[in-house]
Structures are given as C-alpha cells and as structure tokens.
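A.B. asks: Below is the structure, and that's it, no one-letter string:
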C-alpha cells in the first residue's frame, strides 16, 4: 500500500523522533495524518523508515519508527550535469526533472555568455533549489538527493573534471559528434559529466578549453534547444544508455 513520504535531514539514532517545521505542517495539515497513521521517512542518504504517528502537538508530531531499510533506486551510473542557469522559473524546472530522473549532481556554471549571474547570491539560490530536490525526491521515491554544487566558473570547472571517465560538452559546432555514436564507443562509462551552455552557446575559447581537458563535443540533433530542454534530454539519453 502506498504511504506518503517525508524527508528528515538526519539519520535517526532512536526509534521515537519528533518532526517539526515544514514537514510537520505537510504531514498534519496537508496530508491530515492522525494518530496511528503510517508514513515513510527518508534521510537522503539511501535509508527509508517505515513509521507511524505516535503523538500530535499543535506544530509538531512524534513518530515511532517500526523499521529502517536501505533502499537503492538509483540507476547505477554517476551523472553530473554542469549547466548555464536559464532565466526565471526554468532553473527550478530543470532541477526538479533532474532530481526525478536520478542525476547525481548539478553544477551551476557561469560562462562567458551566461545571461543569469547568481554568483552574488548563490547560497540563497542553492537553498531554494535544494528544497525543489527534496520535494521531487519525495514524489518519485528516490532515497538519495541530487547534490547541487556551488556555482563555478568555466575555467574553474575545467580544473576539477579529471576524475570523470566520460566528459561531454553539448554544442553546435560543425565538428560535434552525435551523442548516440559517442556512447557506443564508451559502453563501460560509470562516471559522466556533461556541460550544457547558455542561450548563445559556448564560446570558441570555452570549447577549445574543454576539449583540451578531455571533453568530447556532442550534439543530440539539429535543433537548437533551450537550456532546460537540452539538460533533460541529454540526462534521459545517458540514463537510458547506461541503466543497469
């Protein structure tokens, strides 16, 4: 039977715990849980907890954890997407869908042609986006949270990507290769990063810098896609290709 899922930002060490704040409001006033109601909690680190409501106060509740279990619903491939931030609500939409798909990490990327610049308020934005990740994970039954890294400059990112075994940069240059072809040549990749640029695309100097760092320029078709569309499409293709 389906049970409503709620997030706790820690790993419980006792069987009775109190829940307050936003999650308590969600449990009590949105889902209208009663004494004895069964719920599922997850800690974002791979463990979920089957619990029931044991005590209710005005703004918090106590739950009794009946069972804890490791439940891994991840794809088995470690995918990081570094993306230039789109305008308006599109960034939240992008993050929501990547969390639902099971992307391991997201890196907000400041490029030469980036229109949106959050460097002066990155902590505020990341806090907001982490809430989007939590809500998406509650809905799609993921027990791990997509990690949102601090905003990085393009050249700063280039200094950190040597640990990936497949490095991709999405662009529209003439010498790009189709993603499908590249993936057939790397059937055993387990840790992947893909860079998706701003509306005007990556500059020639950025593409050259990425290629020198080992990135393969790729395309998924002839259409020019919006940032969020490209991120979701590429993420889906990578997951399909490497899903175990």
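C.D. replies: Structure received. If you're wondering where the values come from, they're calculated on a predicted model, not measured in any experiment. Numbers count the residues shown, from 1 in each chain.
A.B. asks: Can you show me the strands along the protein?
C.D. replies: Secondary structure of the chain by DSSP state E: the strands cover 5-7, 16-19, 38-42, 47-56, 61-70, 78-84, 105-110, 147-148, 152-153, 166-170, 177-178, 191-196, 216-219.
A.B. asks: Same list as before, the ones you listed that is, but in a markdown table and with mean pLDDT, distance to residue 120 and mean neighbour count included.
C.D. replies: C-betas here are computed from N, CA, C, even on glycine. Listed next are these as a markdown table, based on pLDDT from 0 to 100; distance: least, CB to CB, whole Å; neighbours: other CB atoms under 10 Å:
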| stretch | mean pLDDT | distance to residue 120 | mean neighbour count |
| --- | --- | --- | --- |
| strand 5-7 | 95 | 29 | 20 |
| strand 16-19 | 96 | 34 | 16 |
| strand 38-42 | 96 | 33 | 19 |
| strand 47-56 | 96 | 37 | 18 |
| strand 61-70 | 96 | 39 | 14 |
| strand 78-84 | 97 | 17 | 23 |
| strand 105-110 | 97 | 11 | 21 |
| strand 147-148 | 97 | 17 | 18 |
| strand 152-153 | 96 | 14 | 16 |
| strand 166-170 | 97 | 26 | 24 |
| strand 177-178 | 94 | 37 | 12 |
| strand 191-196 | 98 | 22 | 24 |
| strand 216-219 | 96 | 31 | 19 |
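A.B. asks: out of the ones you listed, nearest to residue 127?
C.D. replies: Set against residue 127 and scored by CB to CB, the strands of the chain come closest in strand 147-148, at 9.4 Å.
A.B. asks: Report the strands that pair with that closest one, each with its relative direction.
C.D. replies: According to DSSP bridges, strand 147-148 has the following sheet partners: strand 105-110 (parallel).
A.B. asks: contacts for the strand it pairs with?
C.D. replies: Residues external to strand 105-110 that are found in contact with it (CB atoms under 8 Å, 6 or more residues apart in numbering): 80-85, 95, 98, 117-119, 122, 125-126, 129, 146-154, 157, 195, 197.
A.B. asks: Verify the contact between residue 157 and residue 83 for me.
C.D. replies: No: in terms of CB atoms under 8 Å, residue 157 does not count as a neighbour of residue 83; the distance is 11.0 Å.
A.B. asks: shared neighbours, these two?
C.D. replies: 107, 109, 195.
A.B. asks: tally of neighbours for residue 77?
C.D. replies: 19 (other CB atoms under 10 Å).
A.B. asks: Looking at it now. What's its pLDDT?
C.D. replies: Here the pLDDT value assigned to residue 77 is 94.
A.B. asks: what mean pLDDT does stretch 20-28 have?
C.D. replies: 93.
A.B. asks: Between the two ends of that stretch, how far is it?
C.D. replies: Start-to-end span of stretch 20-28 (CA to CA, to the nearest Å) is 10 Å.
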